[in-house]
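1. quick check, what structure comes out for this input:
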Amino acid sequence: MSAEGILYFDDIAVGDVLTAGPYLTSRDEMVAFARRWHPRADYLAGELACPEYVRAVKQRLVGELGIGGAIIGAMGHDEIAYPAPARPGDAVTSRFEAIELRASRSRPERGIAKFKVMIANQRGDILLTYTDIVMMARRPAPASPA
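-> Presented below is the predicted three-dimensional model:
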């Protein structure tokens, strides 16, 4: 990890597992999110979260991992599943396992990383799982002495 707290492409090896959380969900936040983005009756009742809310919480947790500052862009998501719903009061954690890494052929200052992502609550219920493919910045070369 860099002095700025950024985890670059070069700092990650296949098999590395990055974890973050917990993030405590709330009924008020879930309902406000549903009202704005997915106004379906069961989500507006506040007993369970819409899938988009879970993805938003996941993105919040990415910021805690240190990789957020190195991610240049999302390239794709595969095998997305929501096995169980998030509920008010859940303590949500994230687990990102690096499953494939390759340097960009056309942009040597970048790399492409594939992560197996799992979002779970305090009971171990899996709320979201998928494969995430992102383009990441490589560690900058040290500055030359003047």
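2. how about the strands in the chain?
-> All strands of the chain, identified by DSSP state E, fall at 17-24, 71-81, 91-103, 110-120, 126-137.
3. quick one: list the elements packing against the helix or strand of the chain at the bottom of the mean pLDDT ranking.
-> When the helices and strands of the chain are scored by mean pLDDT, DSSP states H and E, helix 41-44 comes last with a mean of 74. Applying 3 or more C-beta pairs under 8 Å, 6 or more residues apart in numbering; DSSP states H and E, we find helix 41-44 packed against helix 27-37. C-betas here are computed from N, CA, C, even on glycine.
4. who's in contact with the helix it packs on?
-> 40, 43-46, 48-50, 52-53, 56, 86, 88-89 (C-beta atoms under 8 Å, 6 or more residues apart in numbering).
5. which single one of those is nearest to I71?
-> Set against I71, the nearest of the contacts of helix 27-37 by C-beta to C-beta is A56 (15.9 Å).
6. only the buried residues of stretch 95-104, if you could.
-> By neighbour count on 16 or more other C-beta atoms under 10 Å, the buried set for stretch 95-104 is 95-98, 101.
7. for F96, give the beta-bridge partners.
-> Counting by DSSP bridges, F96 is bridged to L18, V117.
8. including distance to A113 and neighbour count, could the contacts of helix 27-37 go into TSV?
-> What follows is the contacts of helix 27-37, written out as TSV (distance: C-beta to C-beta, whole Å; neighbours: other C-beta atoms under 10 Å):
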residue	distance to A113	neighbour count
R40	34	9
Y43	32	22
L44	37	14
A45	38	12
G46	36	17
L48	31	16
A49	27	27
C50	28	21
E52	24	14
Y53	25	23
A56	21	15
A86	26	24
P88	33	16
G89	33	11
